[in-house]
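> Here's a sequence, model it:
(chains A and B)
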Amino acid sequence: MILQVRGVTKQFGGLTAVSNVTYDLPEGQILGLIGPNGAGKTTLFNVINGVYPITSGQYFFRGQDITGLKTYHMARLGLARTHQIVKPLNELTVRENAMVGACFGHQGHNLSRAAQIADEVLEFVGLATRADQLAGNLNVAQKKRLEMARALASRPYLLLLDEVLAGLNPSEISAMLETIRQIQVQGVTIIMIEHVMHAIMNVSERIIVLNFGELIAEGTPEEIANNEQVIKAYLGDPKLAERLLRQEN
Amino acid sequence: MKNWQKHLGLLIPLLVIVGIVVGVRLTDKPATREMFFTVLKAIALASSLNIILGYTGYVSFAHIVFFGIGGYVGFYFMSVHGWSLWLAMLMGGLAAGVLAFLLGRAILHLRGAYFALATIGVNAAVQAFITNFKPFGGPIGMTLNFKIYQQYGGAAQALEMSFYVLAALTLGVVVLSYAIRMSKFGLGLLAIREDEDAAEVMGVIAPNAKTWAYVFSAIFPGIIGTLFFFKNGNIEPHDAFPLASSIEMIVMVMLGGQGTVLGPILGATVYQRMRGSLLTSTIFKNIQLSVAGALLLLIVLFVPAGAIGWLRYRFPVLRRVLQ
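As a prediction, the model looks like this:
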């Protein structure tokens, strides 16, 4: 198991954003994380990679208890992520952005090695021609790829992808999915949050569903697509109308 | 690429400082030397401030506090305990470094304007403390016994020596600034400047990196404080902690180009020369600070990257030379 989450809860004041989530993630998988807006998906990411301290629970990364570690310590253990709202280092070049990942990730490379890794990774995500441009000058699709490049440059064991497909057009989506599959082939375990359903059904081996902070379902894409609770969470109760009619009679 | 070509960016900064020293040496006039003493001091202070302001993106609004505390501590050891200038400078730098370390731990978690406000508070607090601290002479300050200059060959020689010591220190600041800019540590600082949250997610241990940047930016001002007041012969609270000088330091960094090695050097030189002519002009002599204020406003509004930043942006071919 690369990641073990044990009863993790995160409360903001009175609001429970993540409620008692338990899950074991085997190495090498692509795990989809879905749920309606506000279900707590990004909060779960922020909790896993130490941006927010958790209220209760425990989690383990590659067997090590990482509960309460800061996000930079997580990064140095080999956990990387992308942001739903991109956070490019605007005044640095695209190459320097990726170099930050390589320098301060778990392998902690020196600058010249980091520059090599950055160039490899930029080639891989298709930003090689932009390497010397300032990151602030990229368009949205390119910035999403830059997020990916920075995360990959740290050579992580576990990669958290937060809506990397959002805002991309269909051909960009299929290119990105191909990139994600290739990352998995390299042996990286991936958890991805996504709203583009056909894409996530296509690429993930297993899917977990959050609703109001709780884990309501877990299974293969087919099982999830036919799970009544999941349909209810997304579309409301399908049998509600039937029941109301019966009550009136 | 040949090894020396990688460090082309250090060439102009070094040439400027060596040029100043050679120029002073050739003209051999005390007045010229004193003028360039203030220029070198400005270069050293601005380049130091640039490490926290330009590289890390934290506005230290009262950076002169490190100059003042270093000056006071060094001066204390010279005047009360009769230590040599060299040991006193060491103590001055150490005091400034320790103060920066403690402050960094205490207030560097504040972001943006709150950090700037806190630094102003620190300047006021340190000045008030020194003003009431008896061993440092309280509000009257301290005076050096004139005899102390004899071990340096007399007062005139001590003045001249101070210039060359300052030149060496300025060289040290510039090399430090360049080394940080070109290092992995420096890349971490730039990442913090651009987006601290993203930098942390990528593994930059921001609290430590910021604290060390603050310490590095404080040590040389502390050493130079000791040297300056050694040359001055006496030290008083309002001389050691002038808030206006802090603002002038910020203007110099912004004028030349924050976050570049050469920028603060250029900004300090230009600003210091401008200040000199303003102070001697009949119209501006009393309001030269308002010119600094107006200048800062114009830079922030129209050329936020400063002169060197603008040149680097407009002429990418120059980037290797203009670091």
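> Up against chain A, what does chain B have?
For chain B, the residues in contact with chain A under the definition CB under 8 Å from any CB of the partner chain are B:182-184, B:187-188, B:190-191, B:193-195, B:197-206, B:259. C-beta: built from backbone N, CA, C; applies to glycine.
> For ChimeraX, write the select line for the buried members of the residues you listed.
The buried subset of those, as determined by 16 or more other CB atoms under 10 Å in any protein chain shown, is captured in ChimeraX by this line:
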select /B:182,184,187,188,190,191,193,194,195,198,199,200,201,202,203,204,205,206,259
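> May I have the secondary structure class of residue 222?
Chain wasn't specified; assuming chain A. Secondary structure of A:Glu222, reduced to three states by DSSP: H, G, I helix; E, B strand; the rest coil: helix.
> actually it's chain B I care about, not the one you picked
Under three-state DSSP, B:Gly222 falls in the helix class.
> Look up how far A:Asp65 lies from it.
Counting by CB to CB, to the nearest Å, the gap from B:Gly222 to A:Asp65 is 43 Å.
> who has more neighbours, those two?
Legend: neighbour count by other CB atoms under 10 Å in any protein chain shown for B:Gly222 and A:Asp65, higher for B:Gly222 (31 against 12).
> Make sure the more buried one is actually in contact with B:Ala88.
No: with contact defined as CB atoms under 8 Å, B:Gly222 does not count as touching B:Ala88 (10.9 Å).
> Quick check: which element contains the residue nearest the centre of chain B?
Per CA atoms, centre = their mean, the C-alpha nearest to the average position across chain B is that of B:Leu45, at 1.3 Å. Assessed by DSSP states H and E, B:Leu45 sits inside helix B:30-50.
> Quick check: buried residues in that helix?
In helix B:30-50, the ones that count as buried by 16+ other CB under 10 Å are B:33, B:36-50.
> Output the contacting helices and strands for that helix.
Contacts of helix B:30-50 with other secondary structure elements, assessed using 3 or more CB pairs under 8 Å, 6 or more residues apart in numbering or on different chains; DSSP states H and E, are made with helix B:11-27, helix B:155-181, helix B:206-232, helix B:243-256, helix B:262-280.
> need those in JSON lines with distance to A:Met99 and mean pLDDT, can you?
What follows is the helices and strands packed on helix B:30-50, written out as JSON lines (distance: least, CB to CB, whole Å; pLDDT from 0 to 100):
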{"stretch": "helix B:11-27", "distance to A:Met99": "24", "mean pLDDT": "93"}
{"stretch": "helix B:155-181", "distance to A:Met99": "14", "mean pLDDT": "95"}
{"stretch": "helix B:206-232", "distance to A:Met99": "15", "mean pLDDT": "96"}
{"stretch": "helix B:243-256", "distance to A:Met99": "25", "mean pLDDT": "91"}
{"stretch": "helix B:262-280", "distance to A:Met99": "22", "mean pLDDT": "90"}
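> closest one to A:Lys10 among those helices?
Of all the helices and strands packed on helix B:30-50, the one in closest proximity to A:Lys10, counting by CB to CB, is helix B:206-232 (22.1 Å).
> Please pull up the helix or strand immediately following the one helix or strand A:Leu33 maps to.
Element membership of A:Leu33, judged by DSSP H and E, is strand A:30-34. Tracing the chain past strand A:30-34, the next element assigned as helix or strand by DSSP H and E is helix A:41-48.
> how far out from the middle of the chain is that next one?
Relative to the centre of its chain, helix A:41-48 is centred 9 Å away, using CA atoms, centre = their mean, to the nearest Å.
> and that helix, anywhere near chain B?
No: on the criterion CB under 8 Å from any CB, helix A:41-48 is out of touch with chain B, staying 9.6 Å away.
> For that helix, name the packing helices and strands.
In terms of contact count using 3+ CB pairs under 8 Å, 6+ apart, helix A:41-48 is assigned the packing partners strand A:3-12, strand A:15-25, strand A:30-34, strand A:158-162, strand A:189-193.
> Can you lay out the ones you listed as TSV showing distance to chain B, mean pLDDT and mean neighbour count?
Compiled in TSV, those are given as follows (distance: least, CB to the nearest CB, whole Å; pLDDT from 0 to 100; neighbours: other CB atoms under 10 Å in any protein chain shown):
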stretch	distance to chain B	mean pLDDT	mean neighbour count
strand A:3-12	17	91	18
strand A:15-25	18	90	18
strand A:30-34	18	93	23
strand A:158-162	10	94	24
strand A:189-193	15	94	23
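> Throw these into JSON lines and include distance to A:Phe104, thanks.
Shown next, in JSON lines, are those (distance: least, CB to CB, whole Å):
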{"stretch": "strand A:3-12", "distance to A:Phe104": "21"}
{"stretch": "strand A:15-25", "distance to A:Phe104": "24"}
{"stretch": "strand A:30-34", "distance to A:Phe104": "25"}
{"stretch": "strand A:158-162", "distance to A:Phe104": "16"}
{"stretch": "strand A:189-193", "distance to A:Phe104": "20"}
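> and the strand holding A:Leu33, what other elements does it pack with?
helix A:41-48, strand A:189-193, helix A:197-203, strand A:206-211.
> who's in contact with B:Val24?
With contact set as CB atoms under 8 Å, 6 or more residues apart in numbering or on different chains, B:Val24 has these partners: B:Thr32, B:Arg33, B:Phe36, B:Phe163.
> let's go with 10 Å and repeat that
The contact partners of B:Val24, by CB atoms under 10 Å, 6 or more residues apart in numbering or on different chains, come to B:30, B:32-37, B:39-40, B:160, B:163-164, B:167.
> Restricting to C-alpha, output the helix or strand encompassing B:Leu187 in PDB.
Applying DSSP H and E as the criterion places B:Leu187 in helix B:184-194. As requested, C-alpha coordinates have been extracted for helix B:184-194 and formatted as PDB (Å, rounded to 0.1, in the frame of the first residue of the first chain):
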ATOM      1  CA  LYS B 184      19.600  26.300  -5.400                       C
ATOM      2  CA  PHE B 185      18.800  28.200  -2.200                       C
ATOM      3  CA  GLY B 186      18.200  31.300  -4.300                       C
ATOM      4  CA  LEU B 187      15.900  29.400  -6.600                       C
ATOM      5  CA  GLY B 188      13.900  28.500  -3.600                       C
ATOM      6  CA  LEU B 189      13.700  32.100  -2.500                       C
ATOM      7  CA  LEU B 190      12.500  33.200  -6.000                       C
ATOM      8  CA  ALA B 191       9.800  30.400  -5.800                       C
ATOM      9  CA  ILE B 192       8.700  31.800  -2.500                       C
ATOM     10  CA  ARG B 193       8.500  35.300  -4.000                       C
ATOM     11  CA  GLU B 194       6.400  34.100  -6.800                       C
END
